[in-house]
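Asker: next one to model:
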Amino acid sequence: MVPGIGWPLVPATGDRRQIILSLIGQFEESERLPEQEIRARQLRQLGRLLAHARATVPFYRRRLQAVVIVDAARPTAEEWARLPRIDRHDIQAAGETLHSTAVPRGHGRVSHIHTSGTTGRPVRVLRTGINSLFWSAFTLRDHLWHRRHLRGKLAAIRHAEKGADLYPQGSRSRTWGPTNEVFETGPAVALNINCTAAEQAEWLLRENPDYLITHPTIAYRLARYCLETGIRFGKLRQVLAISEAMRPGLRDLCRAAWGVGIADIYTGRDVGYMALTCPEHDHFHVQSEGVYLEVLDGDDRPAAPGEIGRVVVTPLHNFAMPLIRYEIGDYAEVGGPCPCGRNLPVIKRILGRHQDMATLPSGEKRWTLLSTGNIESFLKIAPIRQFQFVQKDLHTFEVCLVVERDLTDDEKTKICNWMREKLDHPFDVVFSFVDDIPCTKAGKYRDFISEVADPGVAPEQER
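Answerer: Numbers count the residues shown, from 1 in each chain. Below you'll find the model as predicted:
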């Protein structure tokens with residue numbers, strides 16, 4: 001077995017397909033275990049992660065020096081809750097001191113990503129091949145839970161990169177991606193999200209997919225358009241929602257427009273899968289085999305069912321860059337036990353992750369998705385600690401930055417060009433430099449805010 005990983009066990013030999021199937025088999029057993037046993041197995045794995053972090057990660061060697069755990073191999077939930085939390089600011093400040101100096105053999109190639117979610121506070125996170133295996137296994141679990149027809153066609157409206165997946169043809173692939181490593185899948189097609197709702201509907205009518213994966217706000221606008229025009233998609237079985245919080249009423253709207261349900265997927269590029277929609281109820285099950293997820297109230301105590309609190313996660317298997325008690329900026333409402341028979345913890349709903357749209361002078365809407373696609377080219381321009389783009393009116397954007405030093409004129413020009421290319425419009429740009437960018441009432445940082453009224457969509461109440 002792979003060193004350092006005691007639960008779920010990862011075979012040290014075998015091809016990728018065999019290892020993923022081994023994980024799926026263990027998932028099927030563990031999701032039915034008593035809740036106390038699931039928690040006990042998590043804590044034993046956390047003990048392994050904690051020992052590795054103290055021994056090989058300079059940041060934790062210093063930070064946890066005074067922390068006392070009676071049995072280091074089996075921390076209790078109460079002992080774990082006393083460990084200090086980290087956030088994006090801590091990760092930025094720690095830099096490479098958060099990197100392990102001795103990733104165990106068998107964890108695979110170490111790679112990195114830049115991510116800021118919608119927080120505007122970019123971080124660089126290391127991951128290993130083991131993390132990729134778990135990502136594929138949880139993706140497959142989601143398909144199996146919902147009994148999806150894997151030989152069907154999957155349509156995606158999720159990317160905003162300029163020049164990619166262009167209407168009217170979009171792009172196509174012979175498979176669904178990593179799932180095809182285990183089970184043969186049908187084809188996949190993709191369309192750029194900056195197409196109009198009419199273009200998206202026309203494309204979907206031609207492609208006639210079994211499943212649609214997209215952002216909740218895309219699904220909301222598209223479903224409204226189809227309901228108003230009477231458009232229905234012949235084979236559509238389900239909508240898969242990603243990246244944003246579910247808009248109130250979206251489930252009912254999808255059923256009214258297309259006669260299908262919607263499954264939400266709660267993930268983070270920096271932490272992996274966190275929760276999946278229960279196949280029998282409209283709430284989430286925490287993916288306890290991959291993350292230790294806490295929801296904390298205002299007094300830093302575990303929130304009770306029905307209460308809303310801050311989401312704090314610890315990925316169980318990232319030995320390249322352990323993120324111990326990582327406060328990711330989301331809020332969630334805790335749910336009670338689920339009658340489906342799965343004993344994985346329940347999240348009733350997830351708050352936050354809302355993404356605004358930019359508005360061109362013509363009235364056309366553009367998805368910013370600033371933290372995806374070519375975000376790394378933006379972050380390389382200058383030493384940016386935090387950012388936020390604000391559309392002030394139909395012609396002007398404010399770029400609000402927290403930086404390590406004054407920017408040169410050339411750097412400012414490159415930022416302007418990056419933003420204009422991202423939105424495909426020559427907006428006027430003004431800069432503002434601040435010491436910190438405040439969060440919303442819900443405790444969230446947002447990378448993009450539009451101050452241009454959108455008459456097409458009723459605003460959501462800020463929590």
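Asker: which residues touch the residue nearest the centre of the chain?
Answerer: Central residue of the chain (CA atoms, centre = their mean): G268, 2.8 Å from the mean position. Residues near G268 by CB atoms under 8 Å, 6 or more residues apart in numbering: 115, 117, 274, 313, 328. All C-beta atoms are positioned from the backbone trio N, CA, C, and that covers glycine.
Asker: report the lowest-confidence entry in the residues you listed.
Answerer: Between the contacts of G268, the one the model trusts least by pLDDT is G117, at 59.
Asker: for the stretch 1-150 of the chain, what spans make up the strands?
Answerer: For the stretch 1-150 of the chain, applying DSSP state E, counting those that start in this stretch gives strands covering 111-115, 123-127.
Asker: residue contacts, the closest residue to R172 other than its chain neighbours?
Answerer: For R172, ignoring the flanking residues on the chain, the nearest one in space by CB to CB, 6 or more residues apart in numbering is V189 at 4.9 Å. Applying CB under 8 Å, 6+ apart, one finds that V189 lies in contact with 153-156, 170-173, 207, 209.
Asker: of those residues, buried ones?
Answerer: Burial by neighbour count, judged by 16 or more other CB atoms under 10 Å, picks out 153-156, 170, 207, 209 from the contacts of V189.
Asker: picking up where we left off before, need the contacts of V189 in TSV with distance to A164 and pLDDT, can you?
Answerer: Compiled in TSV, the contacts of V189 are given as follows (distance: CB to CB, whole Å; pLDDT from 0 to 100):
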residue	distance to A164	pLDDT
K153	19	98
L154	17	98
A155	15	98
A156	11	97
G170	9	96
S171	7	97
R172	13	96
S173	13	97
E207	17	97
P209	18	98
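Asker: need these in TSV (columns: distance to V346 and secondary structure).
Answerer: Shown next, in TSV, are the contacts of V189 (distance: CB to CB, whole Å; DSSP: H, G, I helix; E, B strand; the rest coil):
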residue	distance to V346	secondary structure
K153	32	coil
L154	27	strand
A155	30	strand
A156	28	strand
G170	37	coil
S171	37	strand
R172	37	strand
S173	34	strand
E207	35	helix
P209	30	coil
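Asker: low pLDDT regions in the stretch 201-350 of the chain?
Answerer: With pLDDT under 70 as the threshold, the stretch 201-350 of the chain has low-confidence stretches at 247-248.
Asker: hmm, try it at 50
Answerer: Applying pLDDT under 50 to the stretch 201-350 of the chain picks out no residues at all.
Asker: quick one, helices of it?
Answerer: Assignment of helices within the stretch 201-350 of the chain using DSSP state H, counting those that start in this stretch yields the ranges 216-229, 250-258.
Asker: Serialize the ones you listed to CSV and add fields for mean neighbour count.
Answerer: Conversion of the helices of the stretch 201-350 of the chain to CSV gives the following (neighbours: other CB atoms under 10 Å):
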stretch, mean neighbour count
helix 216-229, 20
helix 250-258, 18
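Asker: so which of the ones you listed comes closest to E28?
Answerer: Among those, the nearest to E28 by CB to CB is helix 250-258 (27.0 Å).
Asker: now do that closest one: which elements does it pack against?
Answerer: Helix 250-258 is packed against helix 216-229, strand 238-241, strand 261-268, with contacts defined by 3 or more CB pairs under 8 Å, 6 or more residues apart in numbering; DSSP states H and E.
Asker: so for R141, which of the ones you listed sits nearest?
Answerer: Evaluated over the helices and strands packed on helix 250-258, closeness to R141 peaks at strand 261-268, with 11.0 Å, by CB to CB.
Asker: name every strand pairing with that closest one and say which way it goes.
Answerer: Taking DSSP bridges as the criterion, strand 261-268 sits next to strand 238-241 (parallel), strand 272-277 (antiparallel) in its sheet.
Asker: list the contacts of M419.
Answerer: Residues counted as contacts of M419 (CB under 8 Å, 6+ apart) are 389, 397, 399, 427, 429.
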